[in-house]
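1. Sequence and computational prediction follow.
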Amino acid sequence: MNPRRGRGSASLASGARRHGRGRLAILVLLALPGILVGQEEGVPAERALEGARSAPLRPVIVASKPFAESFLLAELFAQRLEAVGFAVDRRPGLGATEIAFQALRTGAIDLYPEYTGTGLTAILDLEPEGSADEVYALVARRFRDLYGVDWLPPLGFENSYAIAVRPRTADSLGLSTLSDLVAVAPRLVAGFSPDFIGRPDGLPGLVGAYAVEFSDTRPLLQSIKYEALVEGAVDLIDGYTTDGAIDRYGLVVLTDDADFFPPYEAAALLRPGLAAERPGVVSALVALSGRISEERMRSANRRVEVEGAPVVEVAADLLAELGLAGAGADPARARSRTTRGGTLAYLWASRHDTLRQTGRHLWLVGVALLAAILLAVPGGVLLARTPRVAEPVVRAVGVLQTLPSIALLAFMIPLLGIGVGPAIVALFLYALFPILRNTWSGIRDADPEAIDAAHALGMTHAQILLQVRLPLAAPVVMAGIRVSAVIAVGTATLAAFIGAGGLGDPIVAGLALSDERMILAGAIPAAVLALAVDAALSLVESAVRPRGLREE
Amino acid sequence: MTPDSVTSTALLQARDVHHAFGDVHALRGASLEVARGECVALVGESGSGKTTLLRCFNALVTPDAGDLRVRGEAIEAIDPVALRRSLGYVPQRGGLLPHWRVARNVALVPRLTGAPDPEAAAEVALARTGLPPAEYGDRWPRSLSGGQRQRVALARALAVEPDIILMDEPLGALDALARAELRRELGEVIRSSGTTVLLVTHDLEEAAILSDRIAVMKEGRILQVAPLEELRAHPADPYVTDLLSRGLPGRRG
């Protein structure tokens, strides 16, 4: 997965559209956990806007997408705002463009860093063409007209696609521009990320614009692309112009001399109404516009991605370099990851965070699971009595299971904002199917001969249900609950993408910052939690198995 | 036939009963009377409608057409749940509730009807079927042999001492030894209690030993109802002779 700048979010959006027909059904299902959860942390659009008007001292909610540069820019914005006296609420790592933009549009967040090219292709769905200034002018106008969203002036650097080669390749073949590739491409093996291979502004467009044909094209994940290039497994790759790895390995980026790639200028994107309500935010952030060169950004990225420096620290240094630091910036206070040393030392040092995240994680799972049980167990009992509708209903609920979780989360932002609310609703929806299916089949298939005899001897339907079917189905129902619980513990790590917290927080941040220890600080407790929940519920499953059915 | 031919002592009566499950015509005008204290065995090949006819009498099947009476009363006029509680029922494979101990299983109907001491009734019934209550009352159905389970099922049917018991292949799932043993005890229980019994079976020998009369069924109709000797001497239909000469397909002891 390459969350970078949310390329591929166009397909995510169309995925949400494809499932639009289920919208009504989902809306109905949403009601239950919505009531249970309330809106404790999720900030729905209307309330956020009202809140801003009635309480001007409300913290500014600064979000980012889940990759290092976005983390860094958001932290930069946050520290800049704090420097001029604003309170800031950080929501880093919102999963990809669709989610971050939905959250912004609906006022669940106030601002996040975005790229003009992404706005053009992924959000507006337009053809990539025009100069950097033209594209900025176009997205600024269209976003204002369509969404009421404002682009602040660009920060000064572009983060575009970069076709990179090893320096020796560049030397020996005399490569400096993409046009130079045409003659030698049939001798080269390309390694591209899957979304680059598929996107019109990726490989297909590149082939069209430069008439290049490579001897072979291999799909490679973002995380291993640079190693594959340096090791010689491939001869060229797609990267991003500000990637720290370009510096680190001294790679040569071929100039896009035909201006094929759209400009990807970074800028702050503001929610509707923010500029009018809080002009101080605009003036504080505009001070950053045009100040960050590509070189400066690349070296900052390199510190974070390659050297493992804390985002807070690098952002503070960047602000200081620009002469914009203020009293508000206090790296020690923010979530600093300064601990050095091995994974175990890191896990120990972050144990308090882990405990808090585990608690939140269990809470998300617990509420969602309880709501799913309350709906799916009675639902399964009803279905067992109505064989005609049972199959289609169970199948329809099963379809929920196949919805990509990120798409489901993105789909719910307009309804529920970001945070705990939509996360619990999503977990609830995923938890329904195993419980519903097991209850239904457990009740339906409970010992038919015993039930026929009970019926023939004069037990009523209600007596048979309560005294025979339910006790006999209990272990099957419990097995469904157990499956749902384990799925929920796993899926809840994705809740971090919509700012709901839990053990996904360190995983998302660790993935974005290429910090394995941070990933493990979330992944290990999540795995342990899944095993523990599974073991605990398997004990419950044995306990509810009627004694007459146990092996003696 | 007319209703006038119904004898006043018949506890179970079926007149020209028709029933179809979708396209499958299980009963095509079946008529049968079982007198008080009598045991009638329904024999016939698989699919001849024996079980369907049996299940009409405890309202598990509501026939498409025909006249059904239990204790002289039209079945439509009887509350089906009350009717079922008043009839004993022994299915082929026991049908014991696996999550209840033997004593609780046997006490099922007395508890449903609110009888004064269901546990005592269960103990008496268990003892009648050759299972000492002290030894078997606390056992789980799963721990019993097939023959023991059928005894428990029989005890459950006897627990409220019903005047009518319906048995659907009560020995059908047992091996030869258990079958022979239980057949003897079943005969004693039937004869000693004076209970009216309608018994479905594949087994002519079983029918001959346990019943007073044998009702031969074919394709949803009853061809003849008579004791075995009379069926031999005066078959009403060539099929009856045929059936007696070759026996019936199915599990035999």
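-> Structure received. Numbers count the residues shown, from 1 in each chain, chains lettered A, B, ... in the order given.
2. Could you list the low-pLDDT ranges of the chain?
-> Picked chain A for this. A:1-57, A:199-200, A:222-223, A:326-341, A:514, A:551-552 (pLDDT under 70).
3. I was after chain B.
-> Per-residue confidence of chain B (counting by pLDDT under 70) places the weak regions at B:1-8, B:247-253.
4. what residues does it put near chain A?
-> Contact residues, chain B versus chain A (C-beta under 8 Å from any C-beta of the partner chain): B:55, B:58, B:60, B:81-86, B:89, B:91, B:93-101, B:108-109, B:112-113, B:140-143, B:153, B:156-157, B:166. Where C-beta positions appear, they are placed from N, C-alpha and C, glycine not excepted.
5. Show me just the buried residues among the residues you listed.
-> The neighbour count (16 or more other C-beta atoms under 10 Å in any protein chain shown) marks B:55, B:58, B:60, B:81, B:83-86, B:89, B:91, B:93-101, B:108-109, B:112, B:140-141, B:153, B:156-157, B:166 as buried among the residues of chain B next to chain A.
6. Spatially central residue for the chain, please.
-> Since you didn't name a chain, this refers to chain A. Nearest to the mean C-alpha position of chain A, counting by C-alpha atoms, centre = their mean, stands residue A:95 at 2.1 Å.
7. Wait, chain B was what I had in mind.
-> Short answer for chain B (C-alpha atoms, centre = their mean): residue B:167, at 2.1 Å.
8. Can you list the strands that the helix or strand hosting that one pairs with?
-> Using DSSP states H and E, residue B:167 sits within strand B:164-168. Strands that pair with strand B:164-168, judged by DSSP bridges, come out as strand B:87-90 (parallel), strand B:196-201 (parallel).
9. and those as CSV, adding distance to residue A:310?
-> CSV is the format used below for the strands paired with strand B:164-168 (distance: least, C-beta to C-beta, whole Å):
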stretch, distance to residue A:310
strand B:87-90, 76
strand B:196-201, 82
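10. Give me the residues contacting the strand holding residue B:167.
-> A:456, B:11-12, B:51, B:54-55, B:57-58, B:70-71, B:86-92, B:157-158, B:195-200 (C-beta atoms under 8 Å, 6 or more residues apart in numbering or on different chains).
11. Over to stretch B:188-195?
-> Under C-beta under 8 Å, 6+ apart, the answer for stretch B:188-195 is B:37, B:39, B:88, B:128-129, B:154, B:158, B:161-165, B:197, B:210.
12. Mind doing that once more with 7 Å?
-> With C-beta atoms under 7 Å, 6 or more residues apart in numbering or on different chains as the test, stretch B:188-195 has contacts from B:37, B:39, B:128, B:154, B:163-165, B:197, B:210.
13. Next, the buried residues of it.
-> Across stretch B:188-195, burial judged by 16+ other C-beta under 10 Å covers B:189-190, B:193, B:195.
14. Can you say which helix or strand has the residue of the stretch 401-550 of chain A found nearest chain B in it?
-> Of all residues in the stretch 401-550 of chain A, the one sitting closest to chain B is residue A:453 (2.7 Å; C-beta to the nearest C-beta). Element membership for residue A:453 (DSSP H and E) is helix A:448-456.
15. what helices or strands is that helix leaning on?
-> Where contact means 3 or more C-beta pairs under 7 Å, 6 or more residues apart in numbering or on different chains; DSSP states H and E, helix A:448-456 is packed against helix A:461-464.
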